[in-house]
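> Got a predicted model here, sequence first, then my questions.
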Amino acid sequence: MMHSRWGNVALLSCWSGRAAPKLPDSVEGLRDAGNQSFRSRQYLEASALYGCSNRAACHVKDGNCTDCTKDCTSALALVPFSMKLLLRRASAFEAPEIPLAYVDYRIVLQIDNSVTLALESVNRMTRPLMDSHGPEWRLKLSAIPVVSVSAQKR
C-alpha cells in the first residue's frame, strides 16, 4: 500500500506543539518508522504511519475495536481471506460481536484447520451463542463464505 506525506497529517497532529519530525520519503521508511513507534508503544503515532493492516493492530492495542474492524474489513476487500486480517478482525469483534467473530474464525479454519487460536475460539464461543440465540443459533449467523481452493493454498 502506498503512503504519501499528505496521508500522514494525523501524525503531525499528535505531536501537540512540538516540532514534528521529518517524515521518511519511502514506503519502507514509513513502515520502519511505524514499526519503531509500535515497539515503543506509541500506537497513535504508529497508526498514522501505517496502512490498514498494521494500523488495525495499533487500534487493537489502544482498545479501539471499532476502527480495527473497519481497517481489517477495508484490507480484506483488497486481500480476501487473509488469515492475519481475519484473525485480527475476529479478535476485535469478539467482545461486542461474538457472532461476527465466530464467522471470521470459521473462515480461517477453512483456510487452515490447524490454526489453534481459531479452533479454541470457535469452541469457546459455541456455548454463549447457543445460550443467547437458542438451538437454531447457526441459522442466525451471517453466511460463512466458502473459501476457494486457490485462497486455501496461499
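Noted; the coordinates are in hand. Numbers count the residues shown, from 1 in each chain.
> In the protein, where's the longest helix?
The longest helix of the chain (DSSP state H) is helix 116-133.
> I'd like to know which elements the next helix or strand after that helix is packed against.
Scanning forward in sequence from helix 116-133 by DSSP states H and E, the next helix or strand is helix 149-152. Applying 3 or more Cβ pairs under 8 Å, 6 or more residues apart in numbering; DSSP states H and E, we find helix 149-152 packed against helix 98-111. Every C-beta, even on glycine, is put in place using the N, C-alpha and C of the backbone.
> so F81, which of the three states?
coil (DSSP: H, G, I helix; E, B strand; the rest coil).
> Identify each buried residue in stretch 35-44, please.
In terms of neighbour count (16 or more other Cβ atoms under 10 Å), stretch 35-44 has its buried residues at 37-38, 42-44.
> coming back round to it: show me what counts as buried in the longest helix of the chain.
Of the residues in helix 116-133, 118, 121-122, 125, 129 count as buried by neighbour count, 16+ other Cβ under 10 Å.
> What lies in contact with it?
87, 90, 94, 98-99, 101-102, 105-106, 108-109, 113, 137, 140-141 (Cβ atoms under 8 Å, 6 or more residues apart in numbering).
> What distance do you get for the closest residue to V147 other than its chain neighbours to V149?
Closest residue in space to V147, ignoring its immediate chain neighbours: Q110 at 4.1 Å, by Cβ to Cβ, 6 or more residues apart in numbering. As defined by Cβ to Cβ, to the nearest Å, Q110 lies at a distance of 10 Å from V149.
> more crowded one of these two?
Neighbours were counted for Q110 and for V149 using other Cβ atoms under 10 Å; Q110 has more, 16 against 7.
> Fine by me, thanks again.
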